[in-house]
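Peer 1: I need the structure of the sequence given here:
(one chain, ligands or ions: 1)
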Amino acid sequence: ITAEKAGFDHFMLKEIYEQPKAYRDTMRGRISEDGRSVVLPELNMTPEILRGINRVHIVACGTAMHAGLVGKTIIEQLARIPVETDVASEYRYRSPIITPDTLVIVVSQSGETADTLAALREAQRCGARVLAITNVVGSSVAREADDVIITLAGPEIAVASTKAYTSQLIAFYLFGLYWAQTLGTKTADEVAHILAAMQSLPEQVEKILAQAETVKAVAEEISKHSNLFFIGRGLDYAVALEGSLKLKEISYIHSEAYAAGELKHGTLALIEDGIPVIALMTQEELYEKTLSNIKEVKARGAHVLGIINEGHEAEAAKSVDHQFAIPRTLTLLTPALSVVPLQLLSYYASLALGHDVDKPRNLAKSVTVE
Ligand code: G6P
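Peer 2: Predicted structure coming up:
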């Protein structure tokens, strides 16, 4: 077992550290030689079919659903097609409006999640095309979908998903860019610019991993609390949801992820002296707004860890108690970096509490019952 973990204490930590490789493998062969366009030869859909699609439903469970929340912004920003996201266990029962010009994207690490598979079948029954983003070649979801993009994260053993989630983000970026270049919603130069930034992501994740120890100290502090908050706006909110889920799954510490601007509509009442708040502040255009929400929680005694962009250290130091800076990237790409310190935070919090990191109580890696 130790050999399989390649010297790491847990599969989760090993998988967190495998992310640079997972990013590279998922991108490999899918970016043209000159780095200016996306090539997805595995797609059965023709450019004509893609041009005929007018709406998207992203359906998945758990962490894969959180990747879908980022996927929504990616597709809407790049291809300007409206996207809805649903948890798979809700999708079929709300009588969703699925038309032949709807593309349903199912996201599943295992490709075997019962609710996700049922959603795929319902979508096809209604005449929609289904694209699967999955990590397992030959899985049920991969076999039944009309189109498949395989994430090349490699086998994920830890119940808490890390490299599968980030590889799903990479798949969404590639597909979103492919769609944008097909529709012309982004210029060739814009696509090339985003692709260049994507190719820097693996190295940037390595830089974050080199600072894992700084996260450990904060995690140990957090492990003494039984309640905390994750806040953020825009893509930071989507990442906050994933950070909160990760922490709950393996540390059993209760946390809530909140859209930063929504706090004052109720939850601010729960902010009391000493409560940890993890504030994601990577969306430049929303930075000032998030800062004002941080002031609200600080005024009530919260202890704030800011996840910030490099370059904001001095300024952020005036408002937060601890900070972790992620390397500079394009706003749209920040989730592929900002989630990494949150994965480490959950890992080290779980470790500090002495829990079984790889096999948390009550959870299964793959859920094949509805
Ligand atoms: C289970 C796992 C989660 C995972 C979810 C969806 O609940 O514990 O970590 O996100 O299933 O799994 P999938 O294989 O469909 O991505």
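
Peer 1: buried stuff in stretch 132-146?
Peer 2: 132-136, 139-142, 144-146 (16 or more other Cβ atoms under 10 Å). (Each C-beta comes from the backbone N, C-alpha and C, glycine too.)

Peer 1: now do stretch 257-265
Peer 2: 257-261, 263.

Peer 1: among those residues, which are in strands?
Peer 2: Applying DSSP state E to the buried residues of stretch 257-265, the entries found in strands are 257-259.

Peer 1: Can you identify each of the helices in the stretch 1-150 of the chain by residue range?
Peer 2: For the stretch 1-150 of the chain, the helices defined by DSSP state H, counting those that start in this stretch cover 11-17, 19-27, 47-51, 62-79, 88-91, 114-125, 140-144.

Peer 1: Tell me, how many residues neighbour the closest residue to the ligand within the chain?
Peer 2: Closest contact between the chain and the ligand, by Cβ to the nearest ligand atom, is at Gly62 (2.7 Å). Using other Cβ atoms under 10 Å, Gly62 is surrounded by 22 other residues.

Peer 1: Tell me the pLDDT of it.
Peer 2: In this model, Gly62 is scored at 97, pLDDT.

Peer 1: Including distance to Ala192, could the ones in strands among the buried residues of stretch 257-265 go into CSV?
Peer 2: Shown next, in CSV, are those (distance: Cβ to Cβ, whole Å):
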residue, distance to Ala192
Ala257, 34
Tyr258, 37
Ala259, 33
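
Peer 1: Do a quick rundown of the strands in the stretch 51-200 of the chain.
Peer 2: Shown for the stretch 51-200 of the chain, the strands assigned by DSSP state E, counting those that start in this stretch span residues 55-60, 83-87, 102-108, 129-134, 147-150.

Peer 1: so what secondary structure elements neighbour the third one?
Peer 2: Applying 3 or more Cβ pairs under 8 Å, 6 or more residues apart in numbering; DSSP states H and E, one finds that strand 102-108 makes contact with strand 55-60, helix 62-79, helix 114-125, strand 129-134.

Peer 1: Nearest to Glu156, out of the ones you listed?
Peer 2: helix 62-79 (10.1 Å; Cβ to Cβ).

Peer 1: packing partners for the closest one?
Peer 2: Against helix 62-79 (3+ Cβ pairs under 8 Å, 6+ apart) you get strand 55-60, strand 83-87, strand 102-108, helix 163-183, helix 235-251.

Peer 1: Contacts for the second one next, please.
Peer 2: Strand 83-87 is touched from outside by 55-61, 65, 68-69, 71-72, 75-76, 94, 96, 115, 119, with contacts defined as Cβ atoms under 8 Å, 6 or more residues apart in numbering.

Peer 1: OK, contacts around Ala188?
Peer 2: 36-37, 181.

Peer 1: Thr63 now?
Peer 2: Counting by Cβ under 8 Å, 6+ apart, Thr63 has contacts 109, 160-161, 164-165, 242, 245-246.

Peer 1: Export the helices of the stretch 1-150 of the chain to CSV and append columns for distance to Asn293.
Peer 2: Formatted as CSV, the helices of the stretch 1-150 of the chain follow (distance: least, Cβ to Cβ, whole Å):
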stretch, distance to Asn293
helix 11-17, 28
helix 19-27, 29
helix 47-51, 39
helix 62-79, 20
helix 88-91, 29
helix 114-125, 34
helix 140-144, 38
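
Peer 1: Thought Ser161 was touching the residue of the chain closest to the ligand, still the case?
Peer 2: Yes. Gly62 lies in contact with Ser161 (Cβ atoms under 8 Å); the separation is 7.2 Å.

Peer 1: Enumerate the residues of the protein near the ligand.
Peer 2: Neighbours of the ligand within the chain, by Cβ under 6 Å from any ligand atom: 61-64, 108-110, 113, 116, 159, 161, 363-367.

Peer 1: Could you rerun that using 8 Å?
Peer 2: Within reach of the ligand by Cβ under 8 Å from any ligand atom, the chain has these residues: 60-65, 107-113, 116, 134-135, 141, 159-161, 164-165, 249, 363-367.
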